[in-house]
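[1] can't give you the sequence, but here's the structure:
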């Protein structure tokens, strides 16, 4: 509203669109950018320079420059270990599972939410669904602990009540694909639902009006209008998510699992692996190498997915 | 609505029912934590956790706030880093976002690429760790909890998109007046972009409040431990709190189970109370960010 008013007054003044700015203004704008530029150099670009460590044997006393080169030894060390396959598989598999389930459930929920007509009800549902998203993984870990605790947890209390043996959840890997995926859904699905819901309510109501005139019911309208209209957005978000499958949610895999080593066969991902190496290894070159492997593949994935996203719709993509 | 018969009504009722069931699923885990925190420890050892307290008591909260300084201190740290980090973050983010939202700005493209590249590639955890601890000497200081999270590419892009939606003509009028870019940014762009400021402030404060990772990586000094990292440590080892404080007399059971959950409630509480008030900004922010990068 304010914008509209100001726009009018500017027009009344008879000013042209701002196509040129002078040297002084350029300089002022540059000054406005300086803190952020300094920030990114310090905290993003300098560490990028630090990745040469992946090719060195790092010694703390000698620093990054002083440490000696070892070529690709650090990579060879990682890729010849059994860990490489395991952590890559876990990262990619659990991410894809989470993305596929998360997206389909979010789209369905958004469509269901669209059938709710009462405004206060919609608001309440939105608020409640969004709530878990505001919780830190540290708190999520407590919640999961409340269910899975060996002696006192809700699940084992129930199992005992119906006369079954309690399960040692934190040492049985076979349950954890389900547990981690459920936790991830619970934490994120409300957020994605809202994104799709916002897209649905932006669809022109006239499509529906004419569909109803033709005798289509609400269900048919949802399948034949809402879903196709959402499709470009679904594909773009899917592709964008795919660009991040090499990065795992550290909190989910480290805190929620209580970092139980018995679960590593299914819960150890690249991020938790690098973290452990960083905390225990004497040669940080090795963990830098794993880190670089992740950043590098992640980078290529982002580039590819961006090209694909742009193919779908030229407005999309990050760059 | 043209056809509004019983089928339509049925859909609406079904949708509501489904949503209610779903909301229960979303809320029940939270209730569990609150319920455990209010339960009596002896009953818990007898019957296990439950969704309703066996015997209502506030012992755990009394302990957390009256008998130990650890939690209060962690609260202070968290509030300090959230307040300072968010304030500085919003200022720096908006300054840059404003500058690169102006199409005629000469270095616009260059700076945009410079920023966006950091979204795609990073030096990774280890390289950052080495720089923070060895070269910047930020390890074990409060600054390591504040500085690295202050600005990020995503927030700048989000805010830039918002500034770009303000018509150029508004700024043009001011330029003709001879106002400097600083003044335009402060007196015209900022008031018009209030919702964007609120969104970014919400994102940042949420990130600061919920962060435990940086503390896990860099902090070992007991006095600098923020709330969420205190939680992380207590999850594995609640007795730490007991040992550190030497407060409980041995005759009484130390209510570690309930204190643990009370801590989770205390750490999550403020965010859960605050966020419904800012929800509209949050939704606005995520839709701008979700639809267009």
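    Nice, thanks for sending it over. None of the values given here were measured: they were computed from a predicted structure. Numbering: from 1, shown residues only, chains lettered A, B, ... in the order given.
[2] For the chain, give me the ranges with low pLDDT.
    As the question left the chain open, I've gone with chain A. By pLDDT under 70, the low-scoring segments of chain A are A:1-20, A:313-319.
[3] try chain B instead
    For chain B (pLDDT under 70), the answer is B:1-4, B:238-253, B:283-293.
[4] In it, which residue is most central in space?
    residue B:206 (1.4 Å; C-alpha atoms, centre = their mean).
[5] need the contact list for it.
    A:134, B:271, B:275 (C-beta atoms under 8 Å, 6 or more residues apart in numbering or on different chains). To be clear about C-beta, it is placed using only N, CA and C from the backbone, and glycine gets the same treatment.
[6] same check, this time on residue A:235
    A:309, A:312.
[7] Chain B versus that one, what's the distance?
    13 Å (C-beta to the nearest C-beta, to the nearest Å).
[8] Point me to the residue of the stretch 201-319 of chain A nearest chain B.
    residue A:291 (3.1 Å; C-beta to the nearest C-beta).
[9] now that residue, nearest residue through space, not along the chain?
    Residue nearest to residue A:291 in three dimensions, not counting chain neighbours: residue B:124, with 3.1 Å by C-beta to C-beta, 6 or more residues apart in numbering or on different chains.
[10] Just to check, that neighbour is in contact with residue A:271?
    No - if you go by C-beta atoms under 8 Å, residue B:124 and residue A:271 don't touch, sitting 9.7 Å apart.
[11] Compare those two (neighbour count), which wins?
    Neighbour tally, residue B:124 and residue A:271, criterion other C-beta atoms under 10 Å in any protein chain shown: the higher count belongs to residue B:124, 29 against 24.
[12] which helix is the longest one in chain B?
    If you go by DSSP state H, chain B has its longest helix at helix B:256-291.
[13] Check the offset of it from the chain's centre.
    Centroid separation between helix B:256-291 and its chain, computed with C-alpha atoms, centre = their mean, to the nearest Å, is 7 Å.
[14] just stretch B:114-127 next, same as before
    That offset, for stretch B:114-127, works out to 22 Å (C-alpha atoms, centre = their mean).
[15] distance between the ends of it?
    19 Å (C-alpha to C-alpha, to the nearest Å).
[16] For the residue lying closest to residue B:268 once chain neighbours are set aside, what is the enclosing helix or strand?
    Among residues not flanking residue B:268 along the chain, residue A:139 sits closest, at 4.7 Å (C-beta to C-beta, 6+ apart). Following DSSP states H and E, one finds residue A:139 within helix A:137-148.
[17] what packs against that helix?
    Other elements packing on helix A:137-148 under the criterion 3 or more C-beta pairs under 8 Å, 6 or more residues apart in numbering or on different chains; DSSP states H and E are helix A:154-161, helix A:176-201, helix A:250-254, helix B:6-37, helix B:227-236, helix B:256-291.
[18] tell me the angle it makes with helix A:176-201.
    Orientation note: helix A:137-148 sits at an angle of 120 degrees relative to helix A:176-201 (axes from the mean of the first three to the mean of the last three C-alpha atoms, to 10 degrees).
[19] ok, and for stretch B:191-205, which residues are buried?
    By neighbour count on 16 or more other C-beta atoms under 10 Å in any protein chain shown, the buried set for stretch B:191-205 is B:192, B:193, B:196, B:197, B:198, B:199, B:200, B:201, B:202, B:203, B:204, B:205.
[20] Among the residues you listed, which ones are in helices?
    B:192, B:196, B:197, B:198, B:199, B:200, B:201, B:202, B:203, B:204, B:205.
[21] quick one: contacts for the fourth one?
    Meaning residue B:198. Contacts of residue B:198 by C-beta under 8 Å, 6+ apart are B:278, B:281.
[22] can you rerun that using 6 Å?
    residue B:281 (C-beta atoms under 6 Å, 6 or more residues apart in numbering or on different chains).
[23] do the second one as well
    Each residue near residue B:196 by C-beta under 6 Å, 6+ apart is listed here: B:159, B:162.
[24] Try it again at 10 Å.
    B:90, B:93-94, B:97, B:155, B:158-163, B:165-166, B:189-190, B:281, B:284-285, B:288 (C-beta atoms under 10 Å, 6 or more residues apart in numbering or on different chains).
[25] Please indicate which of those residues are buried?
    Applying 16+ other C-beta under 10 Å to those flags B:90, B:93-94, B:97, B:155, B:158-163, B:166, B:189-190, B:281, B:284-285, B:288 as buried.
[26] Residue A:271 is in contact with the residue of the stretch 201-319 of chain A closest to chain B, correct?
    Yes - the pair residue A:291 / residue A:271 is scored as a contact, 9.1 Å apart, by C-beta atoms under 10 Å.
[27] Name the residues contacting each of those two.
    Common neighbours of residue A:291 and residue A:271 (C-beta under 10 Å, 6+ apart) are B:124, B:125.
[28] Can you give me every residue that contacts the residue nearest to residue A:291?
    Taking C-beta under 10 Å, 6+ apart, one finds A:47-48, A:50-51, A:53-54, A:270-271, A:274, A:278, A:287-296, A:298 in contact with residue B:124.
[29] Show me the helices in the stretch 51-200 of chain B, by range?
    All helices of the stretch 51-200 of chain B, identified by DSSP state H, counting those that start in this stretch, fall at B:59-62, B:70-101, B:108-120, B:124-130, B:143-146, B:153-164, B:168-176, B:181-183, B:190-192, B:194-210.
[30] Over to the stretch 1-150 of chain A?
    Using DSSP H, counting those that start in this stretch, helices in the stretch 1-150 of chain A cover A:2-13, A:23-40, A:46-49, A:63-66, A:73-80, A:83-115, A:119-130, A:137-148.
[31] want to try JSON lines for those helices, with mean neighbour count as columns?
    Formatted as JSON lines, the helices of the stretch 1-150 of chain A follow (neighbours: other C-beta atoms under 10 Å in any protein chain shown):
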{"stretch": "helix A:2-13", "mean neighbour count": "12"}
{"stretch": "helix A:23-40", "mean neighbour count": "18"}
{"stretch": "helix A:46-49", "mean neighbour count": "18"}
{"stretch": "helix A:63-66", "mean neighbour count": "12"}
{"stretch": "helix A:73-80", "mean neighbour count": "17"}
{"stretch": "helix A:83-115", "mean neighbour count": "18"}
{"stretch": "helix A:119-130", "mean neighbour count": "17"}
{"stretch": "helix A:137-148", "mean neighbour count": "24"}
